[in-house]
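Q: please find the sequence and the predicted model below.
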Amino acid sequence: MKVNSDHWMGLPTNLLWGYVAIFLFMTGDGFELAFLSRYIVELGFSPAQATLAFTVYGLCAALAAWGSGVIAEVITPQKAMRIGFYMWVVFHVLFMIFGLSHKNYYFILLFYGIRGLAYPLFLYSFIVVIVNNVREELVGSACGWFWAAYSLGIGVIGSYLPSLIITHIGEMNVLWFSLAWVCAGGIIAILSLNNIKVSNRMMNLSTKEKFAEMSRAVTLLASNRNIFLSSIVRIINTLSLYGFAIIMPLVFVDSFGFSVPDWLQIWAIFFFSTIVFNVFWGIVSQKLGWLRVIRWYGCLGCAVFSITFYFLPAIFGDNFWLAALGATLLGASTAAFVPMTALFPALEPEHKGAAISVCNLSAGLSNFFAPAIATLLLPTVSVIGVVLAYSALYILAFILTLYIEFSQKQYPAAGSEPLESSATS
């Protein structure tokens, strides 16, 4: 079901406050990322225990992300977002009081892990809102704005703001402050999305049929070849993002001569680039085609600019502006994968929620495989070998897109009739 909606540069104005809610919620959710592991160690626990807490959190988040799309479609995305919001608030408070304040490691694992189930339900359910309430020709650009709001929240404000206040108010108060941001986002979502239309098809299913629909989040990988190929491409999508965040700080600082603040600024430029180009590619992909943008600018772009990001400082040393150029180009090409979010439900139009769940699972697997590849290759081929391996996998993704069968309507001008155009060519 699609509804007519006004838009500004591809941003659906009927969902504007939903985007604001995503930004606020993910800002609060991102507050802890820069310091929580170190703070857990300061409380008296070992680095291994701190790492395990994040591992449990990540596993719970990946499971929730996998099921979030189809859960949102079965119970409505508004209910799924409310559940995610309430869970985050309740288990964050329990984590703070009984876990951190009492220095109880088992409660830290329990409550932080359960809280990891919350944000994917809130975040990814909004994608179901988008695909069910935005005109077909705007879905790609609407998803671009979604990822821009997400990145601005968790990647920029959520990381930068705590660095300004943590020395003044302390870690615990920063974590309490994050609750205010999440509550603001949750309340805005509840109020602004209350009257958004939802599909009635799932609501009319029996309980047995609803469980069968939820199982499609697993079975689609086997039953839909295009979904399977797209899943592999989505896994490859963010290999450099997650992998470079781990291996590049040491190389830039220890080998290329950059200071730690310089490296942090370069990586921040990368994130700013993805925010800008998330919106840009979302709009452009409606004209050029989702698969073409993913293939030529995402896959090939990342294959080239992953290598560029490494070799510019390797050749020219600690030249900040050349390194910043490499970060900008890599961010732009990483953002060119943004139509993937719109592609998955379009490949399985009768089971959009399940398709979105597979997309979310693939994103979680990317977060796993990126450091795993680096861990396996670093002892034998060093950093350059890891970079080349990532680049080769982007070439593989390029090849796989040639076998994804998908025909997308093209909209050359406002008010013109849409034309069927094969996006596989």
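A: That came through, no problem. Quick caveat, the model's predicted, so the values are computed rather than measured.
Q: this structure: strands as residue ranges?
A: For the chain, the strands defined by DSSP state E occupy 7-8, 11-12, 407-410, 419-422.
Q: elements contacting the second one?
A: Pointing back at strand 11-12 there. Applying 3 or more CB pairs under 8 Å, 6 or more residues apart in numbering; DSSP states H and E, we find strand 11-12 packed against helix 139-150. All C-beta atoms are positioned from the backbone trio N, CA, C, and that covers glycine.
Q: what does the helix it packs on contact?
A: 7, 9-12, 15, 19-20, 22-23, 26, 123, 126-127, 130-131, 134, 274-276, 278-283, 285-286, 290, 335, 338-339, 341-342, 346 (CB atoms under 8 Å, 6 or more residues apart in numbering).
Q: hmm, try it at 6 Å
A: Outside of helix 139-150, the residues within contact range by CB atoms under 6 Å, 6 or more residues apart in numbering are 10-12, 19, 22-23, 26, 130-131, 134, 275, 278-279, 282-283, 285-286, 290, 338-339, 341-342.
Q: what's the mean pLDDT across it?
A: The average of the pLDDT scores along helix 139-150 is 88.
Q: tell me the buried residues in it?
A: By neighbour count on 16 or more other CB atoms under 10 Å, the buried set for helix 139-150 is Val139, Gly140, Ser141, Ala142, Cys143, Gly144, Trp145, Phe146, Trp147, Ala148, Ala149, Tyr150.
Q: okay, now stretch 241-260: how far is its last residue from its first?
A: In stretch 241-260, first residue to last residue: 18 Å (CA to CA, to the nearest Å).
Q: so what's the closest residue in space to Leu365 that isn't next to it in sequence scoring on pLDDT?
A: For Leu365, ignoring the flanking residues on the chain, the nearest one in space by CB to CB, 6 or more residues apart in numbering is Ile235 at 5.0 Å. Each residue has a pLDDT score; the one for Ile235 is 93.
Q: so Ile235 makes contact with Phe368?
A: No: Ile235 sits out of contact with Phe368 when judged by CB atoms under 6 Å, with a separation of 8.9 Å.
Q: of these two, give the one with the bigger neighbour count.
A: Taking neighbours as other CB atoms under 10 Å, Ile235 and Phe368 compare with Ile235 leading, 21 against 14.
Q: output the contacting helices and strands for the biggest helix by length in the chain.
A: With DSSP state H setting the assignment, residue counts place helix 352-401 as the longest helix in the chain. The contact analysis (3 or more CB pairs under 6 Å, 6 or more residues apart in numbering; DSSP states H and E) places helix 352-401 against helix 47-75, helix 118-133, helix 207-223, helix 225-237, helix 239-250, helix 300-316, helix 340-347.
Q: which positions in the fifth one come out as buried?
A: What it means is helix 239-250. Neighbour-count burial for helix 239-250, counted by 16+ other CB under 10 Å, picks out Leu239, Ser240, Leu241, Tyr242, Gly243, Phe244, Ile247, Met248, Pro249.
Q: ok, now the first one?
A: Residues of helix 47-75 classed as buried by neighbour count (16+ other CB under 10 Å): 49-50, 52-54, 56-57, 60-62, 64-75.
Q: so for it, what's the average pLDDT?
A: In the prediction, helix 47-75 has an average pLDDT of 83.
Q: can you give the distance from that helix to the centre of its chain?
A: For helix 47-75, the gap between its own C-alpha mean and the chain's C-alpha mean amounts to 13 Å (CA atoms, centre = their mean, to the nearest Å).
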